[in-house]
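Student: 3D model of this:
(one chain, ligands or ions: 3)
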Amino acid sequence: MNVINNIRQLRSWSTINKGTRCVFVPTMGALHEGHAALIRAAREIAGPAGNVAVSIFVNPLQFGPNEDFSKYPRTLIEDLGLCRDNGADMIFAPKAEDLYPADRSIVMHETSLSKMLCGASRPGHFDGVCMVVAKLFNLVQCDDAVFGKKDFQQLAIIRRMVRDLDFNVVLHGIETVRESDGLAMSSRNRYLTPEERAQAPAIRAALLAARDAWKAGESNPAALQQLITRQLEAKAPLGRIDYVTVADAVNLQPISAGTEHVVIAAAVFFGAARLIDNIELK
Ligand SMILES: Nc1ncnc2c1ncn2[C@@H]1O[C@H](COP(=O)(O)OP(=O)(O)OP(=O)(O)O)[C@@H](O)[C@H]1O
Ligand SMILES: CC(C)(CO)[C@@H](O)C(=O)[O-]
Ligand code: BAL
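Tutor: Ligands and ions are numbered 1, 2, ... in the order given. Next up is the predicted model:
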């Protein structure tokens, strides 16, 4: 497994590997079983002859001024072991100063899908995500890229970016990997106190209850939102709801009579940890 931490080396890796299918998994590190599933999926897509590339980079551009950039967990040595064990061929772990020139003057700005859900609570977040993913796609020269559906809005926005900017990259969305009690795996779960950790699975339980209500005929978004909010207030008093939104899964707009594919997405703060999850209804 090649570990590369500067652009010059990455360019020569890409040149040497030209013509070999490259499947890319972008991450911010502090890797867990969810990331391992993405790397294994990338391995499957690449096949034995292809390359699996993983980036590990805590991107400063996607953090707000009062967010957790400086305390985001950085566990490179353990991360490299997880990448190796799950079949990665190349790890790109650059420094921020290598990726972003000090006098950088080009910005990315997504003007539609990032207005709601996480984008509404984290202004500029998805502009930062688009910027780093666009740069990483250019640098890694991948044919495919693998993203988790836990970050549902992120995947929708990257799909839009690939379409609008004509990136020649095929995107693959992977199901959310969960702890045995249903909590979506997340690097930020490690911020949770034992009491918060015990209550956090209530997010998944409330989304499942909303899905049951939907299957039983409840299609009013306000009623579904209220059901989730009430369950969270009852089962997770340490949680502070950021948002619970019922949206069209394709364009993230409010649902209408013709909406066939619905997503219910939620973000809940437990102390320092802002956790997200979602459920799709078809
Ligand atoms: N539980 C999971 N199951 C599947 N994919 C996941 C899971 N958690 C994260 N991913 C995916 O891994 C990729 C990298 O995400 P990231 O490094 O931010 O991990 P994270 O655990 O989501 O961290 P954070 O706590 O910052 O949200 C993204 O495509 C994300 O959707
Ligand atoms: C896609 C990503 C690696 C860009 O920094 C990040 O947003 C993440 O880890 O989901
Ligand atoms: N997985 C999303 C990265 C972030 O929260 O910044």
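
Student: so who does the residue nearest the centre of the chain touch?
Tutor: What sits nearest the mean C-alpha location of the chain, by C-alpha atoms, centre = their mean, is residue 151, with 3.6 Å. Shown in contact with residue 151 (C-beta atoms under 8 Å, 6 or more residues apart in numbering): residue 276. Yep, even glycine has a C-beta here, placed from its N, CA and C like the rest.

Student: Make 48 the first number, not 1, from now on.
Tutor: Renumbered: residue one is now 48, and that last one reads residue 198.

Student: Phi and psi next, for it.
Tutor: Dihedral pair for residue 198: phi -90, psi 70, per degrees, to the nearest 10.

Student: Identify each of the strands in the stretch 198-329 of the chain and give its residue range.
Tutor: 217-221, 286-295, 309-317, 320-328 (DSSP state E, counting those that start in this stretch).

Student: Let me have the ones you listed in TSV, adding mean neighbour count and mean pLDDT as columns.
Tutor: Below are the strands of the stretch 198-329 of the chain laid out as TSV (neighbours: other C-beta atoms under 10 Å; pLDDT from 0 to 100):
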stretch	mean neighbour count	mean pLDDT
strand 217-221	16	98
strand 286-295	19	98
strand 309-317	22	98
strand 320-328	20	98
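
Student: And the helices in the stretch 148-297 of the chain, which stretches?
Tutor: 164-168, 172-187, 199-211, 241-246, 249-262, 268-282 (DSSP state H, counting those that start in this stretch).

Student: Contacts only, for residue 256.
Tutor: Counted by C-beta under 8 Å, 6+ apart, residue 256 has contacts 274, 275, 278.

Student: circling back to that earlier point, how about the strands of the stretch 198-329 of the chain in JSON lines, adding distance to residue 69?
Tutor: Shown next, in JSON lines, are the strands of the stretch 198-329 of the chain (distance: least, C-beta to C-beta, whole Å):
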{"stretch": "strand 217-221", "distance to residue 69": "11"}
{"stretch": "strand 286-295", "distance to residue 69": "33"}
{"stretch": "strand 309-317", "distance to residue 69": "30"}
{"stretch": "strand 320-328", "distance to residue 69": "28"}
